[in-house]
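S.K.: return a 3D structure for these sequence lines:
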Amino acid sequence: MIEATHQESRRGLLAGAIGFGGDFIASLACSGPTTGVAYTLATLLAISGLASPLVVLTGGIVVLLVAVGYARLNRWRADAGAPYIWVGRTIAPPIGFAVGMLAIAIGFLVNIGNITLAGSYLLSIVSPGTAFPGIVIWIVASLYMAAVIFLAVRGIRPSIRVQTTILIAEYAIVLSFAILALLHELGSNAPGVSAPSLSYFSIGSSPNGWTGFATALVIGGFLFGGWEAPLLFSEESKNPNFSPGRAAIVGVISALVWYLLLFVIFQGVASPANIEAHGADVLGYASTILAPDPWARFLPLAVFSALFAATQMQLTEASRVMFAMGQDRVLPGFVAKLHPRFRTPWVAALILGILPPLVLIPYLISSEAITVIGDIVGSVGLLYLAMYTIIPLACVVFFFRALRGRSSEVPTIVATFIGGAAMLFLLAWGFHTQPAAAAIVGGIALAICLISGFIAAMFSKSDFFRSRPIDLTADAKPAPVGATREP
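M.R.: Model (predicted):
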């Protein structure tokens, strides 16, 4: 076999750079379960009480059904611009463009939230309780993002090596503290401390009943966000039409197991009131209960490492979509420039990496900006739900248009349809129950993406907008990597 360093995909990316293991690491790192627990445990407890593990389990099952659809589309077409290619070729090119812009927007907005937390979180680990000036927090956050950009430009292979090292250390630390938490819960008589119970998986544990459960499930639906990362790296995978989809499914299952373990254990480490009072620093608070300083700092450090891993994968994922759209000339061609040595979309990575620190500048100097940025970041969950609704829909359309109702594909399509329908319900319920500001921002972002697709179709000279729908009579076999032939 030709060495991966001498291969290129159709788009010029480094083909064969990672195998199934790398695809799996990308999925798990981008979804960031440890960070997800740290940032949502208090919120889920407030909404659904001790039934939060049931929320996580239900949300994970829905996401898993959606992942089945992603994997099927990946079998058809492996492409760095997968979301917009899939939707554009099955539904309509303008909708595909809108989905591509949505994928880029999600990666950008998620990383605004990530670096907003990263600077202050790292400083709090180094010197707990110290109030640092805003400029210091911004410098640390910017250096953090510079490291993310550097790693993204160096390539997917070194990125996965770093991600693997981070995950091993992170999981070892978190598992150690989970054991300490379990021993604490089994041996403590402190008020509010509770040992794990099967009642956590009962709707009766939710003080707000089904309404609280459904509201919390909106968070559970996008809690796994990022699991689809390997689908965007498919042109750099050794088995591009199969490994990324399978790795995404295994990644969702693994993240679900990890989420359940941590939610079941850590939600009982203190009273719900105390946990809710510590918000996004709940694991940092738990560490002070379970270990003395400086050992207590290891758990927040694990959360920070997970945050770094998720930030880096989000940047890499979004840069692949921007790069592919640039190559197809639906975005300016300069965003498709590849690094001559590393074969990575360095311009796209640089743009997506520089913008978040720039957005932080008004955040640090204006209290009003803090509210606005909070609303923007808060809308990301709704954008994820929209993405996880439209891709399954594209898979169902693909089934009827290209597969002609093939019986062997029925279980896959039924599972995908159920997942997409559930996501559509969560999206609608989310707009109804999420804070008004976040819902408005999310609605505006979706409208802008959709309108931009039709404007681009009117003025762009790209062949993408003149491509015909998938051939209704063609056989839907896997296409060559990045190819443009019919299914």
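S.K.: does the residue lying farthest from the centre of the chain count as helix, strand or coil?
M.R.: Using CA atoms, centre = their mean, the residue of the chain lying farthest from its centre is Asn189. It sits 38.4 Å away. Assigned with DSSP: H, G, I helix; E, B strand; the rest coil, Asn189 falls in the coil class.
S.K.: need the phi and psi values for it.
M.R.: phi -110, psi 10 (degrees, to the nearest 10).
S.K.: now swap in Ala92 and tell me
M.R.: Backbone geometry at Ala92, expressed as degrees, to the nearest 10, gives phi -170, psi 140.
S.K.: repeat for Pro294
M.R.: The phi/psi pair for Pro294 (degrees, to the nearest 10) reads phi -90, psi 0.
S.K.: and it, how many residues sit next to it?
M.R.: 9 (other CB atoms under 10 Å). The way it works is simple: take the backbone N, C-alpha and C, and place the C-beta from them, glycine included.
S.K.: returning to what we had before: what's the pLDDT at the residue farthest from the centre of the chain?
M.R.: Here, the pLDDT recorded for Asn189 equals 80.
S.K.: residue contacts, Val441?
M.R.: For Val441, the contact set (CB atoms under 8 Å, 6 or more residues apart in numbering) comprises 375-376, 378-379.
S.K.: wait, I meant Gly378
M.R.: 434-435, 437-438, 441.
S.K.: read off the pLDDT value for it.
M.R.: pLDDT, Gly378: 75.
S.K.: repeat that for Ala273.
M.R.: pLDDT at Ala273 comes out at 89.
S.K.: and what of Ile219?
M.R.: If you check Ile219, the pLDDT there is 90.
S.K.: following element in sequence after the helix ranked longest in the chain, please.
M.R.: The residue-count maximum for a helix in the chain (DSSP state H) belongs to helix 93-126. Next helix or strand after helix 93-126 toward the C-terminus (DSSP states H and E): helix 134-154.
S.K.: who touches that next one?
M.R.: 111, 115-116, 118-120, 122-123, 158-159, 162, 308, 311-312, 315-316, 319, 339, 342, 344, 346, 349-350, 353-354, 356-357, 360-361, 364-365.
S.K.: what mean pLDDT does that helix have?
M.R.: Helix 134-154 comes out with an average pLDDT of 92.
S.K.: next: stretch 94-111.
M.R.: 95.
S.K.: can you check stretch 449-467 too?
M.R.: 92.
S.K.: distance between the ends of it?
M.R.: Terminal residues of stretch 449-467 lie 20 Å apart, using CA to CA, to the nearest Å.
S.K.: buried stuff in it?
M.R.: Within stretch 449-467, the residues scored as buried using 16 or more other CB atoms under 10 Å are 449-450, 452-453, 456-457, 460, 462, 464-465.
S.K.: widest-spaced pair of the residues you listed?
M.R.: Maximum pairwise distance in the buried residues of stretch 449-467, criterion CB to CB, is 17.9 Å, between Leu450 and Ser462.
S.K.: just list the residues touching the residue lying closest to Val66 once chain neighbours are set aside, thanks.
M.R.: Nearest in space to Val66, with sequence neighbours left out and distances taken as CB to CB, 6 or more residues apart in numbering, is Gly419 at 4.0 Å. Gly419 makes contacts with 62-69, 388, 392, as judged by CB under 8 Å, 6+ apart.
S.K.: how about 10 Å then?
M.R.: The contact partners of Gly419, taken as CB atoms under 10 Å, 6 or more residues apart in numbering, are 61-70, 388-389, 391-392, 395.
S.K.: again with Ile391
M.R.: Contacts of Ile391 (CB under 10 Å, 6+ apart): 66-67, 69-70, 73, 82-83, 86-87, 90, 99, 103, 228, 231, 416, 419-420, 423.
S.K.: what do you get for Cys449?
M.R.: By CB under 10 Å, 6+ apart, the neighbours of Cys449 are 95, 97-105, 383, 386.
S.K.: quick check, nearest of those to Leu182?
M.R.: Proximity of the contacts of Cys449 to Leu182 (CB to CB) peaks at Leu383, which lies at 36.0 Å.
S.K.: distance of the closest one relative to Leu261?
M.R.: Look at Leu383 and Leu261: by CB to CB, to the nearest Å, they are 28 Å apart.
S.K.: before we move on, what about Pro244?
M.R.: Applying CB to CB, the value for Pro244 to Leu261 is 26 Å.
S.K.: okay, those two: which has more neighbours?
M.R.: Set Pro244 next to Leu261 and count neighbours by other CB under 10 Å: Pro244 wins out with 34 against 18.
S.K.: so the more buried one sits against Glu228, correct?
M.R.: Yes - with contact defined as CB atoms under 10 Å, Pro244 counts as touching Glu228 (8.9 Å).
S.K.: and for those two, which residues touch both?
M.R.: Common neighbours of Pro244 and Glu228 (CB under 10 Å, 6+ apart) are 26-27, 70-71, 74, 82, 251.
S.K.: tabulate the residues you listed (TSV), appending distance to Leu45 and secondary structure.
M.R.: TSV is the format used below for the shared contacts of Pro244 and Glu228 (distance: CB to CB, whole Å; DSSP: H, G, I helix; E, B strand; the rest coil):
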residue	distance to Leu45	secondary structure
Ala26	30	helix
Ser27	27	helix
Tyr70	31	helix
Ala71	33	helix
Asn74	36	helix
Ala82	36	helix
Gly251	26	helix
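S.K.: top of those residues by neighbour count?
M.R.: Ala26 (33 neighbours).
S.K.: that one touches Val162, doesn't it?
M.R.: No - Ala26 is beyond contact range of Val162, at 11.6 Å (criterion: CB under 10 Å).
S.K.: overlap in contacts of those two?
M.R.: Ala309.
S.K.: list the buried residues for whichever strand or helix holds Ala415?
M.R.: Ala415 is located in helix 410-433, with elements delineated by DSSP H and E. When burial is assessed from 16+ other CB under 10 Å, helix 410-433 yields the following buried residues: 412-413, 415-427, 429-431.
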